[in-house]
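>>> Have a look at this prediction, sequence included:
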Amino acid sequence: MFTSSLLSRLPSQHGRTSTTLCRVLSRALLSEISALPTREKPSSSSHAHLEPCKGTNGLLVRKTHFHQFQTNTSIVDSPLHLSSVQKEIMERSGMEVEFESATTTEDILRSFEAMESAFDQNDVKLGLACLKVGLHLEREGKEPEKTLDFGVRASKVFDRNDKESLYVAMALRMMGSACYSLKRFNDGLGFLDRADRVLSKLESEGYRANDIGPVLYEVQVSLANTKMAMGRREEALINHRKCLELKEMSLEPNSREVGVANRDLAEAYVAVLNFKEAFPHCLKALDIHKAHLGDNSVEVAHERRRLAIIYMGLGEHQKALDQNVLSRKVLKNWGLTSELLCAEIDGANIQIALGKYDEAISSLKGVVQRIDKESTTRALVFIAMANALCNMERFTDSKRCLEISSSILDKNEQETPKEVAEAYMEIALLYEAMNEFETEITLMKKSLDILEKFPQEQHAKGSASARLGWLLLLTGKVPQAIPYLESAAERIKESFGSKHFGLGYVYNNLGAAYLELDRPQSAAQMFAMAKEIMDVSLGPHHADSIDALQNLSRAHGTMGSYALAIEFQRQVINAWESHGPKEHDEFREAHRVLEQLRKKARCASSCDISIKALPLPRAAECVYTRS
């Protein structure tokens, strides 16, 4: 609970001490974090005692004590002899009492309208009333436009009194949440960022984290949700980590809330394909939920499914299958048919990764009989079956499964567009495995067209654009490839961060495209960035990192920057040499390229021509947008 000291900092309107000052907590989650301690005690001479109001959710009010109005000679206690000012004060007090006791939406709005007509629009009490109405509407999950309007009104009132108060932060958080519901993500992010700054300022002025913890936690949750919705997944990770820190600071280490926070953070790491960091948090969530709910709970089954995904990402397929089997047993016991079917499809995909193709096909045949013929889930079954058949080189059967899947997806495009778009991408990759590149290009374009309607799918759009660019480059359509690759680079940076290995591959392909179009300087820039990213994400001796370095040498050689080209080529030779005899062919080819560069350099040195070499971008000079 907030303490009365927070209220005492809010100046009363026109110099009067408020008779009933509302206090508002931000939604039900506040009760999950320990009560806020005071930083200072209010003056008993200027503020009456504050107590919880049992009739409202998250609202604290002071019990109303009608003041005894004194004159120079006597205490007036008869209503018949009250002055007009005293009557007005009593009427307002009555309105406040009625508003504070209202619980239904209808009663709250009706009593607010009465207050609105009687109070000054800049009165702090009216601002607090706006906050209460907005929070009530937010809890009800209705009319986000109205919630936003009440938040705006509240923030304007609080801003006039103190632009950096806790109430300003609460109003801004509510506005950000309403914008999220309205899919106005940019506006919402602006409100939430300001709320975060206000809370940071309060903390620097003496509030401990526990003082502002409840509001700070909700701001971080809203920031994470908004950034995820905008496709800025890497940035959302920061807020998810902050949420976990706040829970761990205020709750017992093995409480269920800490378990949920670990789960959310694990999911955020999975969203940026960082399975290594996701693993310990998913394991912690699993342990906590097992301790609280037992091994046969649905929540534990869900945690096991997440853990299976993480094991798959880590390449530990057998461990993934073990978790999947345990999860399916619980889901079956609880009769959760739809979730069980999805888990069974997951299990079949894991079996395919393990090379157990016949077992996977047998499992999928059992699943397909229990699914509605027109559902998107049925299409996913046929995609998985096509994958198994493709791995067995039964291409005709695989294509037949893909045709069935596509016909189902076409019918569901309007109902489940995002799922359909992702399924088209999976189908496209299988056609690629069968060297059906034109079909893959068509499907990738179809998927991208659907995804363009969803701003939160930046990661998927980035992946589709990257694949399309590579395919167009592969099939000789270089000018068409470049816009897709450039778009992919921006979207992948926003979604996965500036050091994600996927971005390195996009830069490498962009460099190849620029070099093909006789733009060697642009190509060298791309290859340099690709090499820098791959060194971090894959390691400098990874084959793809060495290839990027080889490309960088080639680009500088094309520009006539032979000194740099030769230096890079020496590094290529050293890198291949570290692989030993198994990469003898690559090592020998690298030596051949080096000799060619030396010959060209000797020829160029006989001419008095100076060509300025393009400097390598330093890490500090490469500007990336992490999300």
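Done, it's in.

>>> which residues of the stretch 451-600 of the chain fall in helices?
Per DSSP state H, counting those that start in this stretch, the stretch 451-600 of the chain carries helices over the ranges 458-474, 478-496, 501-516, 520-537, 543-559, 562-577, 584-605.

>>> Tabulate those in a markdown table, adding columns for mean pLDDT and mean neighbour count.
Glycine gets a C-beta too; all of them are placed from N, C-alpha and C. Formatted as a markdown table, the helices of the stretch 451-600 of the chain follow (pLDDT from 0 to 100; neighbours: other CB atoms under 10 Å):
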| stretch | mean pLDDT | mean neighbour count |
| --- | --- | --- |
| helix 458-474 | 92 | 23 |
| helix 478-496 | 92 | 21 |
| helix 501-516 | 93 | 23 |
| helix 520-537 | 93 | 23 |
| helix 543-559 | 92 | 23 |
| helix 562-577 | 91 | 19 |
| helix 584-605 | 86 | 14 |
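
>>> Switch those helices over to JSON lines; also include distance to Asp397.
Listed next are those as JSON lines, based on distance: least, CB to CB, whole Å:
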{"stretch": "helix 458-474", "distance to Asp397": "24"}
{"stretch": "helix 478-496", "distance to Asp397": "32"}
{"stretch": "helix 501-516", "distance to Asp397": "31"}
{"stretch": "helix 520-537", "distance to Asp397": "37"}
{"stretch": "helix 543-559", "distance to Asp397": "33"}
{"stretch": "helix 562-577", "distance to Asp397": "41"}
{"stretch": "helix 584-605", "distance to Asp397": "36"}
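
>>> Nearest to Glu113, out of these?
The closest of the helices of the stretch 451-600 of the chain to Glu113 is helix 458-474. By CB to CB, the value is 42.8 Å.

>>> So for Val300, which of the helices of the stretch 451-600 of the chain sits nearest?
The closest of the helices of the stretch 451-600 of the chain to Val300 is helix 458-474. By CB to CB, the value is 28.4 Å.

>>> Helix 501-516 and that closest one, what's the angle between them?
30 degrees (axes from the mean of the first three to the mean of the last three CA atoms, to 10 degrees).

>>> For the closest residue to Ser338 other than its chain neighbours, give me phi and psi.
Nearest non-adjacent residue to Ser338, counting by CB to CB, 6 or more residues apart in numbering: Thr377, 7.7 Å away. Per-residue torsions, Thr377: phi -60, psi -40 (degrees, to the nearest 10).

>>> what helices or strands is the helix or strand containing Ser362 leaning on?
Using DSSP states H and E, Ser362 sits within helix 357-368. Packing partners of helix 357-368 (3 or more CB pairs under 8 Å, 6 or more residues apart in numbering; DSSP states H and E): helix 337-353, helix 376-391.

>>> Please identify the deepest-packed of these.
The highest average neighbour count among the helices and strands packed on helix 357-368, using mean count of other CB atoms under 10 Å, belongs to helix 376-391 at a mean of 24.

>>> contacting residues around that one?
Contacting residues not belonging to helix 376-391 are listed as 338, 341-342, 345, 348-349, 352, 355, 357, 360-361, 364-365, 367-368, 371-372, 395, 397-399, 401-402, 404-406, 408-409, 412, 415-416, 419-420, 423, 426-427, 430, 433-434 [CB atoms under 8 Å, 6 or more residues apart in numbering].

>>> Please tabulate the helices and strands packed on helix 357-368 in JSON lines, including the columns distance to Leu137 and mean pLDDT.
Compiled in JSON lines, the helices and strands packed on helix 357-368 are given as follows (distance: least, CB to CB, whole Å; pLDDT from 0 to 100):
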{"stretch": "helix 337-353", "distance to Leu137": "32", "mean pLDDT": "94"}
{"stretch": "helix 376-391", "distance to Leu137": "34", "mean pLDDT": "96"}
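
>>> export those to CSV and tack on distance to Leu126?
Formatted as CSV, the helices and strands packed on helix 357-368 follow (distance: least, CB to CB, whole Å):
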stretch, distance to Leu126
helix 337-353, 48
helix 376-391, 50
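
>>> For Ala195, find the nearest of the ones you listed.
When the helices and strands packed on helix 357-368 are compared by CB to CB, helix 337-353 sits nearest Ala195, at 36.2 Å.

>>> hmm, who's touching that closest one?
For helix 337-353, the surrounding residues in contact (CB under 8 Å, 6+ apart) are 305, 308-309, 312, 317, 320-321, 324-325, 327-328, 331-332, 357, 359-360, 363-364, 366-367, 370-371, 377, 380-381, 384, 387-388, 391.

>>> One more pass at 6 Å, please.
317, 320-321, 324, 327-328, 331-332, 359-360, 363-364, 367, 380, 384, 387-388 (CB atoms under 6 Å, 6 or more residues apart in numbering).

>>> and the helix or strand harbouring Phe191, C-alpha only, in PDB?
Taking DSSP H and E as the definition, one finds Phe191 inside helix 185-204. C-alpha atoms of helix 185-204 as PDB (Å, rounded to 0.1, in the frame of the first residue of the first chain):
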ATOM      1  CA  PHE A 185       2.400   1.100 -30.200                       C
ATOM      2  CA  ASN A 186       4.600   4.100 -30.900                       C
ATOM      3  CA  ASP A 187       2.400   6.400 -28.800                       C
ATOM      4  CA  GLY A 188       2.300   3.900 -26.000                       C
ATOM      5  CA  LEU A 189       6.100   3.500 -26.000                       C
ATOM      6  CA  GLY A 190       6.400   7.300 -25.700                       C
ATOM      7  CA  PHE A 191       4.200   7.300 -22.600                       C
ATOM      8  CA  LEU A 192       5.900   4.300 -21.000                       C
ATOM      9  CA  ASP A 193       9.400   5.600 -21.600                       C
ATOM     10  CA  ARG A 194       8.400   8.900 -19.900                       C
ATOM     11  CA  ALA A 195       6.900   6.900 -17.000                       C
ATOM     12  CA  ASP A 196      10.200   5.000 -16.700                       C
ATOM     13  CA  ARG A 197      12.200   8.200 -16.600                       C
ATOM     14  CA  VAL A 198       9.900   9.700 -13.900                       C
ATOM     15  CA  LEU A 199      10.300   6.600 -11.700                       C
ATOM     16  CA  SER A 200      14.100   6.600 -12.200                       C
ATOM     17  CA  LYS A 201      14.100  10.200 -11.100                       C
ATOM     18  CA  LEU A 202      12.100   9.400  -8.000                       C
ATOM     19  CA  GLU A 203      14.500   6.600  -7.200                       C
ATOM     20  CA  SER A 204      17.500   8.900  -7.500                       C
END
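
>>> elements contacting it?
helix 166-181, helix 209-229 (3 or more CB pairs under 6 Å, 6 or more residues apart in numbering; DSSP states H and E).

>>> quick one, the last one and helix 185-204 angle?
Going back to what we said before, that points to helix 209-229. Relative orientation of helix 209-229 and helix 185-204, computed by the same axes, to 10 degrees: 160 degrees.

>>> gap between whichever helix or strand comes after helix 209-229 and the chain center?
Next in sequence after helix 209-229, counting helices and strands by DSSP H and E, comes helix 233-250. When C-alpha coordinates are averaged (CA atoms, centre = their mean, to the nearest Å), helix 233-250 and its chain have centres 11 Å apart.

>>> Can we start the residue count at 743 from this point?
In the new count, where the first residue is 743, that last one comes out as helix 975-992.

>>> tell me what helix 975-992 is packed against?
helix 951-971, helix 998-1013.

>>> one more time with 7 Å
Counting contacts by 3 or more CB pairs under 7 Å, 6 or more residues apart in numbering; DSSP states H and E, helix 975-992 packs against helix 951-971, helix 998-1013, helix 1220-1238.

>>> any chance of these in a markdown table, plus distance to Leu1259?
Output for the helices and strands packed on helix 975-992, formatted as a markdown table (distance: least, CB to CB, whole Å):
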| stretch | distance to Leu1259 |
| --- | --- |
| helix 951-971 | 36 |
| helix 998-1013 | 35 |
| helix 1220-1238 | 6 |
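
>>> out of the ones you listed, nearest to Asn864?
helix 951-971 (23.1 Å).

>>> That closest one: how far from the chain's middle?
Per CA atoms, centre = their mean, the displacement of helix 951-971 from the mean C-alpha position of its chain is 13 Å.

>>> List the buried residues in it.
Neighbour-count burial for helix 951-971, counted by 16 or more other CB atoms under 10 Å, picks out 952-971.
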